[in-house]
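# Mind looking at a prediction? Sequence and model below.
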Amino acid sequence: MSDVSDGGLSEARLARLRQVLAGYVERGEVPGLVAVVQRRGHVHIEVHGTLAAGGGEPMRRDSIFRISSMTKPVTATAAMILVKEGRLRLDDPVDALLPELADRRVLRALDGPVEDTVPALRPITLRDLLTFRLGYGALMAPPGTYPVQQAVADTGLHIGPPDPAKDPEPDEWLRRLATLPLFHQPGERWMYHTGAEVTGVLVARAAGRPLEEFMHERIFEPLGMRDTSFSVPAAKLDRFTTSYLSNPADGALIPYDPPADGSWSRPPAFPGGGAGLVSTADDYLAFSRMLLGLGRYAGRRVLSRPAVELMTTDQLTPAQKDASGLFPGQFDDFGWGFGMGVTTVRTDLARSVGSFGWDGGLGTCWTADPREELTLLLLTQRAWASPEPPELVRDFRTLAYQAIDD
C-alpha cells in the first residue's frame, strides 16, 4: 500500500507535521491551532488544543479566528470585482469617490516638520491603494522618531494590533486621515497597511453599500464562507477563540480579546479592510481555492482569470523594494501584488516562485502555491511578536512542503 495520498502527500511526513504542531500546543506556546494542507483536492486538517489557554472547550475544525491582515487579499478581491464591472478603474484618481484625498500635500522630508510640505505630483489611484504605494502607511520606527508620528497620534486613529472597537465610522475615519500630509509621493514606495483600509472605504462608496454587505453578497456567499464577517454573532461565540499577545519580557500569553464582550462580539463602526475579518479554516480555504482556480470556484466565477493573474503578480520596482519593507531584507525574495505578497525567488524549502498569500499578525498565515496546486493555512490565537514569522509558522511551512512526495 502506498504511503502517498491522492494529493501527492506522504502520510508518514504528515504524521511528522502532526507531531510537531501538537508539540507547540503541549508546551503551551499556543493554546490551540487549526492547520490545513490542501493539495490537488486532497485536504489534510490538523486540530489541536483548546479555544482558550488553560483548558476548556476543545478546538474545532470550524473554530473562528481573528485573521487580521489576511483580510487584505479579500478587500483587494472586492475592489477587483468592481474593476471587472467597470465601476472602478485601476489608474483613475480616487478623488471622485474619495474627495477627502484630493489635492494632497506631501512631506518634503519624512524627518522634517509636519508643516513643511510640497504638492503631490499626481493624484492617488486605486492601483496605488492596492499596491500600498499611496504615500500613507505604517512607520516602522519607535515613537518619536519622526515628527509626523505625533500628528498621526493626534488624529485619534487606532495604531497597534487590530481592534475594531477603537475606530470611528468610515467617513470620519477618512476625514481624520486626510488631515495628515502624505509621507511620500504617490507611487514612490511601499508602505504597509493603510492602503487596504482606504480600499475598503472606496469599495463601499463605489458599491453604494457597506463593505461587509458587499463582501457577503459578492465573495462570502458564492464561496460558501458562512462564518467570515467583521464580527461574531452571539449564536457563534461558542466557536470563537480567545486572542492573546506575548509578554515581551518572558513570552507569556497576555489575554488581548475575549470572545464575549470583546471587540469582535458586535458589528464595528469601521469595518476594517486591512485587518477586520474573522474566519475559519474551511472558509479561507474556499477563498484560496478560488484564487488558485483563477477566479472560479465550484462552478461559479468570482473574478476573471486576468484579474487573478494581475493580483498575484509582483508590482514593485527594484527601487521601491530597496526603500521599503517591514523588516530588512523582506523584499530580497518577495514582492507585492494587490493586497498580498508574492514569492519572486526561491530561497527556502517552502514556497515556489509565484506563490502568493499573506499572514495575520494576531496569529495566522496563508500560502497558495499554483505550481504545487497547494494551499497552506495555519490559524492560532497567539499574536506574532515581530513582523518576521515565528518558529511555529516556519516549521509548519517547511514540514508541509516536505510532505510533498511526487
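Arrived safely, thanks for sending.
# what separates the lengthiest helix in the chain from the chain centre, distance-wise?
When the chain is scanned for its longest helix (criterion: DSSP state H), the result is helix 11-26. How far helix 11-26 lies from its chain's middle: 26 Å, per CA atoms, centre = their mean, to the nearest Å.
# now it: mean pLDDT?
Here helix 11-26 scores 97 as its mean pLDDT.
# elements contacting the helix or strand just after that helix?
For helix 11-26, the following helix or strand on the C-terminal side (DSSP states H and E) is strand 32-39. Strand 32-39 sits against helix 11-26, strand 42-49, helix 281-292, strand 374-380, helix 391-402, with contacts defined as 3 or more CB pairs under 8 Å, 6 or more residues apart in numbering; DSSP states H and E. (Each C-beta comes from the backbone N, C-alpha and C, glycine too.)
# hmm, 10 Å instead?
Applying 3 or more CB pairs under 10 Å, 6 or more residues apart in numbering; DSSP states H and E, one finds that strand 32-39 contacts helix 11-26, strand 42-49, strand 65-66, helix 281-292, strand 364-369, strand 374-380, helix 391-402.
# For the closest residue to Asp116 other than its chain neighbours, give me its contacts.
Closest residue to Asp116 apart from its sequence neighbours, by CB to CB, 6 or more residues apart in numbering: Arg108 at 4.7 Å. By CB atoms under 10 Å, 6 or more residues apart in numbering, the contact list for Arg108 reads 115-118, 181.
# Can you give the domain ranges for this protein?
For the chain, automatic domain parsing gives the domain ranges 11-69+229-402, 76-207.
# Kindly present those domains as TSV, with separate columns for distance to His216.
What follows is those, written out as TSV (distance: least, CB to CB, whole Å):
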stretch	distance to His216
domain 11-69+229-402	8
domain 76-207	10
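# Ok, which of those comes nearest Glu217?
Of all the domains of the chain, it is domain 76-207 that lies closest to Glu217, at 9.1 Å by CB to CB.
# Need the contacts of Arg108 in a markdown table (columns: pLDDT).
Converted to a markdown table, these look like this (pLDDT from 0 to 100):
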| residue | pLDDT |
| --- | --- |
| Glu115 | 96 |
| Asp116 | 97 |
| Thr117 | 98 |
| Val118 | 98 |
| Pro181 | 98 |
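# Can you tell me which of the residues you listed has the most neighbours?
Most neighbours among these, by other CB atoms under 10 Å: Pro181, with 21 neighbours.
# so that one touches Arg104, yeah?
Yes: contact criterion CB atoms under 10 Å: Pro181 and Arg104 qualify, at 7.3 Å.
# Return every residue with contacts to both of those two.
117, 120, 135-136.
# Closest one of these to His44?
Tyr136 (40.2 Å).
# Hmm, that closest one is touching Arg176, no?
No: the pair Tyr136 / Arg176 is not scored as a contact, 11.9 Å apart, by CB under 10 Å.
# who has more neighbours, these two?
Taking other CB under 10 Å, Tyr136 and Arg176 do not tie; Tyr136 has more neighbours (27 against 17).
# and after the lowest-mean-pLDDT helix or strand in the chain, which helix or strand comes next?
The weakest-scoring helix or strand in the chain, judged by mean pLDDT, DSSP states H and E, is helix 318-322 (a mean of 90). Downstream of helix 318-322, the next assigned helix or strand under DSSP H and E is strand 334-336.
# Give the rounded mean pLDDT of that following strand.
The average pLDDT within strand 334-336 is 95.
# elements contacting that strand?
helix 318-322, strand 341-343, strand 356-360.
# As CSV, the ones you listed with mean neighbour count and distance to Ala151 would be great.
Below are those laid out as CSV (neighbours: other CB atoms under 10 Å; distance: least, CB to CB, whole Å):
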stretch, mean neighbour count, distance to Ala151
helix 318-322, 14, 24
strand 341-343, 22, 29
strand 356-360, 24, 28
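# pLDDT value on Gly55, please?
pLDDT for Gly55: 84.
# Roughly how far does it sit from Gln381?
Applying CB to CB, to the nearest Å, the value for Gly55 to Gln381 is 14 Å.
# what's the overlap in contacts for these two?
31, 49.
# which of these two has more neighbours?
Set Gly55 next to Gln381 and count neighbours by other CB under 10 Å: Gln381 wins out with 28 against 10.
# Grab the nearest non-local neighbour of that one.
Distances taken as CB to CB, 6+ apart put Thr241 closest to Gln381, at 4.5 Å, once the chain neighbours are dropped.
# So Thr228 sits against Leu285, correct?
No: Thr228 is not in contact with Leu285 according to CB under 10 Å; the separation is 11.2 Å.
# which neighbours do those two share?
Ser279.
# Please name the nearest non-neighbouring residue to Leu253.
The spatially closest residue to Leu253, leaving aside those adjacent along the chain, is Tyr244, at 4.3 Å (CB to CB, 6+ apart).
# What confidence value was assigned to the nearest residue in space to Val94 that is not next to it in sequence?
Ranked by CB to CB, 6+ apart and with sequence neighbours excluded, the top spatial neighbour of Val94 is Ile124, at 5.4 Å. The model reports Ile124 with a pLDDT of 98.
# Ile124: how many residues sit nearby?
24.
# Return the distance of it relative to Gln150.
24 Å.
# for Gly187, same thing?
Counting by CB to CB, the gap from Gly187 to Gln150 is 26 Å.
# how about the strand or helix carrying Val152: buried residues?
If you go by DSSP H and E, Val152 is part of helix 147-154. The neighbour-count check on helix 147-154 (16 or more other CB atoms under 10 Å) flags 147-149, 152 as buried.
# Neighbours of Met225, how many?
Counted with other CB under 10 Å, Met225 comes out at 23.
# Identify all contacting residues around the strand or helix carrying Glu213.
For Glu213, the element it lies in under DSSP H and E is helix 211-215. Helix 211-215 is contacted by residues 71, 74-75, 77-78, 81-82, 170, 199-208, 220-221, 225, 228-231, 267-268, 270-273, 276-277 when judged by CB under 10 Å, 6+ apart.
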